[in-house]
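> give the three-dimensional model of this entry:
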Amino acid sequence: MVGQLLPDRAKDKRADFNLAKLKKFGTTFEVVLKNPEAALEFRHGKNIDLRDVLDTPKVFEDVQKAEIHGSGKLRELLKGKTDEAKLAKMSDHDLVIESSKLILREGEIALTQEMRKKFFEAKRKKIMEYIHANAADPKTGLPHPMQRLELAMEQARVQVDPYQPAEAQIEKIIQLLRPIIPITFERAKIRVLIPAAFSSSVYSAIKNKFELQKEDWKDDGSVSFELEVPAGVKGEVINLIQKLTQGEASIEDVKK
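Purely as a prediction, here's the structure:
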């Protein structure tokens with residue numbers, strides 16, 4: 001059966017697609033992805049409208065040949081995954097939707113080379129930014145420069161998975177980097193007193209960036225709070241606060 005809603009590029013047998021595909025009982029089930037990033041977010045449990053994920057609401061046996069599965073095959077795919085009574089009452093549209101969800105959750109996300117490269121670069125950058133912001137060199141107490149982190153990842157031959165969330169890969173990657181560069185995740189706590197002349201604007205600016213503790217508004221309009229940050233960025237945070245208060249803030253370390 002030839003699909004009426006198949007993207008025009010499918011007419012070119014050399015067309016390259018971002019697909020999600022699942023193979024069951026010797027049959028392939030494929031859906032064309034409009035937004036691969038949304039597809040991965042859906043796979044990881046985020047509530048996303050399928051209209052933002054799928055290029056077309058069809059389930060194919062072979063996208064390149066525009067061969068679409070009929071309702072019989074979709075019912076067979078969903079058998080054992082969906083309540084039988086509910087499955088029996090499903091419309092053709094519902095069968096496509098439920099089958100697409102199953103394919104996205106359990107199938108293979110097959111990306112074009114261009115999209116894989118884009119995902120890889122985005123995940124690698126996010127991981128390096130996390131380490132830069134939250135870790136430090138224990139010898140200097142300063143964050144490792146991004147270029148040094150990039151070089152260390154190359155030396156450690158770190159393999160970033162473009163399909164997995166960056167957060168799920170960080171711990172393993174840090175273990176691979178530690179033989180190359182020293183990394184510590186120590187945190188520093190400071191107590192800050194903002195004078196009344198700056199309290200309203202500066203308080204809002206800091207609270208938007210950090211989680212504040214032990215907030216205390218004084219009768220004179222000043223405000224004090226404690227702030228915990230990665231040890232490596234402590235100096236940057238202090239400089240930011242002093243810049244916003246024109247050097248009038250009082251800042252001291254809090255011993256743990």
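> what comes up buried for stretch 80-89?
Within stretch 80-89, the residues scored as buried using 16 or more other C-beta atoms under 10 Å are 82, 87. Where C-beta positions appear, they are placed from N, C-alpha and C, glycine not excepted.
> same deal with stretch 132-141?
Quick answer for stretch 132-141 (16+ other C-beta under 10 Å): 132, 134, 135, 136, 137.
> try stretch 224-243
Buried positions in stretch 224-243, judged by neighbour count with 16+ other C-beta under 10 Å: 224-225, 227-234, 237-238, 240-241.
> now the two most distant members of the residues you listed.
224 and 232 (24.3 Å; C-beta to C-beta).
> just to revisit the earlier point, now render the buried residues of stretch 224-243 as TSV, adding secondary structure and pLDDT.
Shown next, in TSV, are the buried residues of stretch 224-243 (DSSP: H, G, I helix; E, B strand; the rest coil; pLDDT from 0 to 100):
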residue	secondary structure	pLDDT
224	strand	94
225	strand	95
227	strand	92
228	strand	89
229	strand	85
230	strand	80
231	helix	75
232	helix	71
233	helix	77
234	helix	81
237	helix	89
238	helix	91
240	helix	91
241	helix	93
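> if I look at residue 149, how far off is residue 73?
48 Å (C-beta to C-beta, to the nearest Å).
> one more: residue 241?
Counting by C-beta to C-beta, the gap from residue 241 to residue 73 is 63 Å.
> one step back: and the buried residues of stretch 224-243, which is closest to residue 110?
Looking across the buried residues of stretch 224-243 and measuring by C-beta to C-beta, the closest to residue 110 is residue 230, at 38.0 Å.
> contacting residues for the nearest residue to the closest one once chain neighbours are set aside?
Leaving aside its chain neighbours, residue 230 sits nearest to residue 134 (4.7 Å; criterion: C-beta to C-beta, 6 or more residues apart in numbering). Residues counted as contacts of residue 134 (C-beta atoms under 8 Å, 6 or more residues apart in numbering) are 185, 230, 232.
> which parts of the longest helix along the chain are buried?
Ranked by number of residues, the top helix in the chain under DSSP state H is helix 113-134. Neighbour-count burial for helix 113-134, counted by 16+ other C-beta under 10 Å, picks out 115-116, 119-120, 123-124, 126-128, 130-132, 134.
> center of the chain - which residue?
Nearest to the mean C-alpha position of the chain, by C-alpha atoms, centre = their mean, lies residue 165 at 4.9 Å.
> coming back round to it: for the residue nearest to residue 230, give its distance to residue 161.
Shown here: residue 134 relative to residue 161, a distance of 20 Å by C-beta to C-beta.
> now swap in residue 248 and tell me
Taken as C-beta to C-beta, the span from residue 248 to residue 161 is 48 Å.
> repeat that for residue 97.
Residue 97 sits 28 Å away from residue 161, going by C-beta to C-beta.
> okay, those two: which has more neighbours?
Legend: neighbour count by other C-beta atoms under 10 Å for residue 97 and residue 161, higher for residue 97 (17 against 13).
> so the more buried one sits in a strand?
No. Per DSSP: H, G, I helix; E, B strand; the rest coil, residue 97 lies outside any strand segment and is helix.
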